[in-house]
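> Sequence plus predicted model, see below.
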Amino acid sequence: MGTSLTPFITAFACAVVVAITWFAGRAASAGWALVLGLVGGGAAGNLVDRLARPPGPGRGAVVDFVDVAWFAAFNLADAALTIGVAVAFVLSWRG
């Protein structure tokens, strides 16, 4: 599913990781630093899979190894991304 988009997604993930790394030192609070760490770490984790897995750099697939019967399959990078986005929503909602 979406294999033709893999090079684009890989390039986008590279840009996200670079941007988050640049902004990480400028986080407004510990909460936002946590968000940047979770989202950046999740993006970097999935990026490593895309770069290192066959069929080659930038064309590989992300391995989802956590399979809960009543939920979608995911990996720890996906969990970090999801938690980071949820924390960002909470921080934004709280002001």
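Noted; the coordinates are in hand. Everything numeric in this text was worked out from a predicted model, so none of it was measured.
> Can you spell out which helices and strands pack onto the one helix or strand in the chain whose mean pLDDT sits lowest?
Least confident element among the helices and strands of the chain, by mean pLDDT, DSSP states H and E: helix 6-24 (a mean of 90). Secondary-structure packing of helix 6-24 (3 or more Cβ pairs under 8 Å, 6 or more residues apart in numbering; DSSP states H and E): helix 30-52. Every C-beta, even on glycine, is put in place using the N, C-alpha and C of the backbone.
> helices or strands next to the helix it packs on in the packing?
So helix 30-52, by 3+ Cβ pairs under 8 Å, 6+ apart, packs with helix 6-24, helix 76-94.
> Could you list the low-confidence segments of this protein?
The model of the chain has pLDDT under 70 over residues 1-3.
> ok, residue 83 - contacts?
By Cβ atoms under 8 Å, 6 or more residues apart in numbering, the contact set of residue 83 is residue 38.
> how much space is there between the most centrally placed residue in the chain and residue 89?
Centroid check for the chain by Cα atoms, centre = their mean gives residue 43 as the closest residue, at 2.5 Å. Between residue 43 and residue 89 the computed distance is 17 Å (Cβ to Cβ, to the nearest Å).
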